[in-house]
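> Could you look at this predicted model? Sequence included:
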Amino acid sequence: MGQSTKPMRITTLYIDPAAADYPETAVVKDRVGADKVAVASPREVFAAVAAAGDVVAAGKQTLFLTVNKAPFIRKCPGTKHYRCCGYRILNIGRFCTMDCSYCILQAYFHPPLLQYYVNQADMTAELKDLFDRPGRITRLGTGEFTDSAIWNECTDLNRRLVSLFAGQDAAVLEIKTKTVNIEPLRGADHNRKTIAAWSLNTEAVISGQERGSASLEDRLRAAAACQAMGYPLAFHFDPLVIYDGCREDYAQVIRRLFSAVSADNIVWISLGSFRFMPALKPMIQERFPESRIVYGEFITGIDRKVRYFKPLRVDLYRSVISEIRRFSTDVTVYFCMEDDDVWRQCLGFTPRQKGGLAAMLDRSAVEHCGLDRDRV
């Protein structure tokens with residue numbers, strides 16, 4: 001174990017002139033076996049990908065090394081209409097080599113293209129400034145605009161981040177993945193300031209909707225290995241997909257999860273239902289013609305995303321939560337982008353009654369990761 005089911009298959013590596021002289025560029029060039037092309041402008045790269053027959057597939061095989069001119073640390077986009085957890089994105093790069101039918105990134109980026117930011121010293125400076133700044137705990141993750149672990153094949157980024165976070169108590173890093181690329185975590189002095197996290201789903205969803213990702217069994221085996229290394233863990237059931245037999249399938253996943261790892265070592269478990277921007281539907285229909293994922297009982301939510309009819313969401317959420325509670329009454333369970341009514345119906349309280357969702361997760365991070373209690 002230690003390799004993803006589908007290694008990076010980069011056919012062309014483009015290098016931004018602004019990125020040419022960075023040490024990280026040399027590292028990636030040395031490790032990626034692909035044609036190297038220096039371009040005069042990012043527009044050349046975007047045009048090459050946009051001209052492909054399958055733009056999404058082309059973007060997954062084209063890596064652009066560039067410089068991040070915006071802040072590395074940014075707020076999760078979320079939406080004001082649903083409860084957001086106060087998560088912060090550590091923006092290391094964009095897009096993913098795996099191919100999940102439901103992935104919002106294929107419609108979010110124009111064009112979708114693998115990008116990796118090589119100005120690592122700027123990122124480190126931002127993080128150190130954050131660690132030294134007084135205030136609340138910060139929960140950061142690198143798995144929002146990309147998969148956190150795909151970069152392990154061509155960079156040492158995660159090993160450096162684990163080491164950097166280990167020396168402070170103001171923030172926690174979540175590395176979220178659908179792979180088993182955990183080799184950089186081995187032997188690292190992490191001080192429990194890095195959470196190893198996996199997106200989980202049923203065998204039916206993984207095999208039918210998550211091309212190139214690791215199997216459920218391999219993900220759980222990797223999680224158990226990280227637990228043995230002393231890492232705290234987290235799991236994300238997002239998106240939960242409704243189909244015939246899904247309730248029993250998700251119950252089985254949860255049983256396998258708690259058989260593989262200790263409930264006491266899980267920082268949090270998030271739940272979210274399948275939802276999508278309208279622009280994503282035709283992309284799924286074209287690229288995954290066998291998929292039935294977009295043919296459910298949907299409504300348009302107040303955030304203009306299409307999501308399952310609320311009673312259907314609530315029914316599945318209750319089933320999943322009931323199964324989780326069979327194994328642990330203490331593990332923190334929360335919803336990603338749901339309203340207070342769903343919280344009440346499924347968990348019996350609203351985040352406000354617990355001091356807010358961010359405070360709930362901060363307390364769990366303090367308990368499991370040894371962060372500064374005075375910041376909660």
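Sure, I can see it. Residues are numbered from 1 along each chain as shown.
> what residue is smack in the middle of this protein?
For the chain, the residue nearest the mean C-alpha position is G143 (3.2 Å; CA atoms, centre = their mean).
> Now that that one has come up, it's in contact with K176, right?
Yes. The pair G143 / K176 is scored as a contact, 3.1 Å apart, by CB atoms under 8 Å. Placement of C-beta: from N, CA and C, glycine included.
> coming back round to it: so the residue nearest to the centre of the chain lies in a strand, does it not?
No. G143 is assigned coil when assessed by DSSP: H, G, I helix; E, B strand; the rest coil, not a strand.
> what's the spacing between it and Y22?
Applying CB to CB, to the nearest Å, the value for G143 to Y22 is 23 Å.
> what's the answer for L185, then?
For L185, the distance to Y22 - CB to CB - is 25 Å.
> out of those two, which sits in the more crowded spot?
The residue with more neighbours, out of L185 and Y22, is L185; 23 against 20, by other CB atoms under 10 Å.
> Need the pLDDT of the more buried one.
Per-residue pLDDT puts L185 at 95.
> give me every residue that touches it.
Contact analysis of L185 by CB atoms under 8 Å, 6 or more residues apart in numbering lists N158, R159, V162, I175, T194, A196, C226, M229, Y231.
> can you do 10 Å?
L185 sits next to 2, 149, 152, 158-159, 162, 175, 194, 196, 222, 225-226, 229-231 when contact means CB atoms under 10 Å, 6 or more residues apart in numbering.
> Equivalent analysis for D54, please.
K60, E286, R287.
> From the residues you listed, which land in helices?
Those of the contacts of D54 mapping onto helices are K60, E286, R287, per DSSP state H.
> Can you get me a residue count around the first one?
In other words, K60. Look at K60: counted by other CB under 10 Å, it has 26 neighbours.
> what's the distance between it and D303?
Applying CB to CB to K60 and D303 gives a distance of 27 Å.
> same thing with the second one?
Distance, E286 to D303, by CB to CB: 24 Å.
> which one of these two has more residues nearby?
Taking other CB under 10 Å, E286 and D303 do not tie; D303 has more neighbours (14 against 10).
> What pLDDT is listed against that one?
84.
> Let me know the helix or strand that it is in.
If you go by DSSP states H and E, D303 is not part of any helix or strand.
> Identify the residues contacting the residue of the chain positioned farthest from its centre.
Distance from the C-alpha centroid of the chain, by CA atoms, centre = their mean, peaks at A40 (32.1 Å). Listed by CB under 10 Å, 6+ apart, the contact set of A40 reads D16, P17.
> Make sure it is indeed in a helix.
No. Secondary structure of A40 (three-state DSSP): coil, not part of a helix.
> Give me the below-cutoff pLDDT ranges for the stretch 201-350 of the chain.
For the stretch 201-350 of the chain, not a single residue meets the criterion pLDDT under 70.
> residue ranges for the helices of it, please.
Applying DSSP state H, counting those that start in this stretch to the stretch 201-350 of the chain gives helices spanning 203-209, 216-228, 246-260, 280-287, 310-327, 340-347.
> the strands in the stretch 151-300 of the chain, which residues?
171-177, 194-199, 210-211, 233-240, 266-273, 275-276, 298-300 (DSSP state E, counting those that start in this stretch).
> need those in JSON lines with distance to H110 and mean neighbour count, can you?
Output for the strands of the stretch 151-300 of the chain, formatted as JSON lines (distance: least, CB to CB, whole Å; neighbours: other CB atoms under 10 Å):
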{"stretch": "strand 171-177", "distance to H110": "24", "mean neighbour count": "25"}
{"stretch": "strand 194-199", "distance to H110": "24", "mean neighbour count": "25"}
{"stretch": "strand 210-211", "distance to H110": "22", "mean neighbour count": "18"}
{"stretch": "strand 233-240", "distance to H110": "22", "mean neighbour count": "23"}
{"stretch": "strand 266-273", "distance to H110": "24", "mean neighbour count": "23"}
{"stretch": "strand 275-276", "distance to H110": "16", "mean neighbour count": "22"}
{"stretch": "strand 298-300", "distance to H110": "22", "mean neighbour count": "13"}
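> Could you save those strands as CSV and add columns showing distance to A251?
Putting the strands of the stretch 151-300 of the chain into CSV (distance: least, CB to CB, whole Å) gives the following:
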stretch, distance to A251
strand 171-177, 23
strand 194-199, 18
strand 210-211, 20
strand 233-240, 12
strand 266-273, 14
strand 275-276, 22
strand 298-300, 24
